[in-house]
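>>> Structural data only, the sequence is not supplied:
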């Protein structure tokens, strides 16, 4: 009997969104390996209904135990940003149609999307995931991005963190053969290559670069996925072990709730406090750009990039603070509705993938 | 922290601003004009004012901005 280190878990996410929720990919070639600095493996859970405490039994104890629904599996991936699977999940977190365009005749391609338009419904693109560690070998279908965050502390390599939530549909053992052996990151990420900027009435302010005053930043989209969206007629799984069978159901919907786009920039205090002036006068800020880049170019003048852009933002708060003894200002931003893109956040990924990057 | 308003010293008479490429491939001054034009378009919620895909003269850029390129923009009247 073997035992396992949790760090030995192998995780995979589908290269492309599912054609429909719960329509999982089954071929290894359809998956990309994914790393996480918070190792974990998946074991699906089933919700059972029982009659504990219900009057009539003559006692308070359980006499009935029936499988009801598979509960929602949840998984968090956290790692340095990469220009493979992280970029794909950054796009899926927004859910709009991805457009791919070659950049200036070079080998670089930009994949862009906005947020899923209100008129397009609430079902965000779903992914299939495979998790394997010892006997815990599962294929999970119907996972959506509940939350996606890009962040950086000082000039550490920028990171992403993504919360995935599934419907509960699963297959075990996963049965997917020829899964990829390595993580495809496309190109090395540079902590010094980050660019953070916004545009206001005075023009474009770049917080990175030679006169850098940036201490940390994050940008996040929260999709507030609606859980337990159950409905009569939901599909069921058949689980049979030792001639005992249960048939828990799983939801056929996993829709977004109220979305929120927030960001934070921590700056050294300057001799003038321009962000505070923008804040107290309620000024509009546009194209708040958080760009993580590689050290090399995907094509001439175009570095490998994962970029979240808040088209229109307001400053919610400017808070004094301290970072390693230095006086700082923490600037909290909120994305507001941009009628041009139809949402509050856009995503751009630049790499050498010519198509099917979504 | 750099501000473009301090950096616009290039003579633009007769020069063209090429917004047909991504901002990654623009020179510093063109990129500044690009983002300022977007600021105006986004705050007016007017997609037709976006610079993407266009080639504009300095005069066209400044007409769209309502000020000279290096000058602060005029705030939109509130509410």
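Yep, it's here. Keep in mind it's a predicted model, so treat the numbers as computed, not measured.

>>> now the residue lying closest to residue A:269 once chain neighbours are set aside, what's its secondary structure?
Nearest residue to residue A:269, sequence neighbours excluded (C-beta to C-beta, 6 or more residues apart in numbering or on different chains): residue A:327, at 4.0 Å. To be clear about C-beta, it is placed using only N, CA and C from the backbone, and glycine gets the same treatment. Of the three states, residue A:327 takes strand under DSSP: H, G, I helix; E, B strand; the rest coil.

>>> Count residues in the vicinity of residue A:327, would you?
By other C-beta atoms under 10 Å in any protein chain shown, the residues close to residue A:327 number 12.

>>> longest single helix anywhere in chain B?
If you go by DSSP state H, chain B has its longest helix at helix B:28-43.

>>> buried stuff in it?
B:29-43 (16 or more other C-beta atoms under 10 Å in any protein chain shown).

>>> What are the boundaries of the helices in chain B?
Secondary structure of chain B, counting by DSSP H: helices at B:28-43, B:58-65.

>>> what's the angle between the first one and helix B:58-65?
Orientation note: helix B:28-43 sits at an angle of 30 degrees relative to helix B:58-65 (axes from the mean of the first three to the mean of the last three C-alpha atoms, to 10 degrees).

>>> Please name every helix or strand in contact with helix B:28-43.
strand A:195-200, strand A:203-206, strand A:285-299, strand A:302-323, strand B:16-18, helix B:58-65 (3 or more C-beta pairs under 8 Å, 6 or more residues apart in numbering or on different chains; DSSP states H and E).

>>> Would you reformat those as a markdown table and include distance to residue A:272, mean neighbour count and mean pLDDT?
Listed next are the helices and strands packed on helix B:28-43 as a markdown table, based on distance: least, C-beta to C-beta, whole Å; neighbours: other C-beta atoms under 10 Å in any protein chain shown; pLDDT from 0 to 100:
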| stretch | distance to residue A:272 | mean neighbour count | mean pLDDT |
| --- | --- | --- | --- |
| strand A:195-200 | 14 | 23 | 96 |
| strand A:203-206 | 12 | 22 | 93 |
| strand A:285-299 | 17 | 22 | 94 |
| strand A:302-323 | 13 | 20 | 96 |
| strand B:16-18 | 30 | 17 | 93 |
| helix B:58-65 | 24 | 16 | 93 |
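
>>> closest one to residue A:146 among those?
Of all those, it is strand A:302-323 that lies closest to residue A:146, at 16.3 Å by C-beta to C-beta.

>>> What pairs with that closest one, parallel or antiparallel?
Looking at strand A:302-323 with DSSP bridges, its partner strands are strand A:285-299 (antiparallel), strand A:326-335 (antiparallel), strand A:346-351 (antiparallel).

>>> Kindly present those as TSV, with separate columns for distance to residue A:149.
Listed next are the strands paired with strand A:302-323 as TSV, based on distance: least, C-beta to C-beta, whole Å:
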stretch	distance to residue A:149
strand A:285-299	10
strand A:326-335	13
strand A:346-351	13
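
>>> how about those strands, which one is nearest residue A:4?
strand A:285-299 (32.7 Å).

>>> If I look at residue 71, what pLDDT would I see?
Answering for chain A, as no chain was given. pLDDT recorded at residue A:71 is 98.

>>> wrong one, I was asking about chain B
Value for residue B:71, per-residue pLDDT: 88.

>>> Enumerate every residue touching the residue of chain A positioned farthest from its centre.
Using C-alpha atoms, centre = their mean, the residue of chain A lying farthest from its centre is residue A:58. It sits 50.0 Å away. Residues counted as contacts of residue A:58 (C-beta atoms under 8 Å, 6 or more residues apart in numbering or on different chains): none.

>>> still on that earlier bit, what residues does the longest helix of chain B touch?
For helix B:28-43, contacts defined as C-beta under 8 Å, 6+ apart pick out A:199-201, A:203-204, A:284, A:286-287, A:311-312, A:338, A:340, B:4, B:7-8, B:10, B:12, B:17-19, B:23, B:26, B:47-51, B:56, B:61, B:64-66, B:69, B:73, B:76.

>>> ok now it, how far from the chain's centre?
Centre-to-centre, helix B:28-43 and its host chain are 4 Å apart (C-alpha atoms, centre = their mean, to the nearest Å).

>>> same deal with stretch A:287-306?
Chain-centre distance of stretch A:287-306: 19 Å, with C-alpha atoms, centre = their mean.

>>> model confidence over stretch B:30-45, on average?
On average, stretch B:30-45 scores 94.

>>> Up against chain B, what does the stretch 151-300 of chain A have?
Residues of the stretch 151-300 of chain A lying close to chain B (C-beta under 8 Å from any C-beta of the partner chain) are A:199-207, A:209-213, A:267, A:270, A:282-284, A:286-287.

>>> Was I right to think residue B:24 contacts residue A:106?
No. The pair residue B:24 and residue A:106 fails to qualify as a contact (C-beta atoms under 8 Å) at a distance of 10.4 Å.

>>> Looking at these two, which is more packed in?
Between residue B:24 and residue A:106, counting by other C-beta under 10 Å, residue B:24 is the more crowded of the two (23 against 16).

>>> which residues does the more buried one contact?
By C-beta under 8 Å, 6+ apart, residue B:24 lies in contact with A:103, A:301, A:302, A:303, A:305, A:350.

>>> So what sits opposite the fourth one in the bridge?
So that's residue A:303. Note on residue A:303: beta-bridge partners residue A:297, judged by DSSP bridges.

>>> Relative to residue A:154, how far out is it?
From residue A:303 across to residue A:154, the span is 20 Å (C-beta to C-beta, to the nearest Å).
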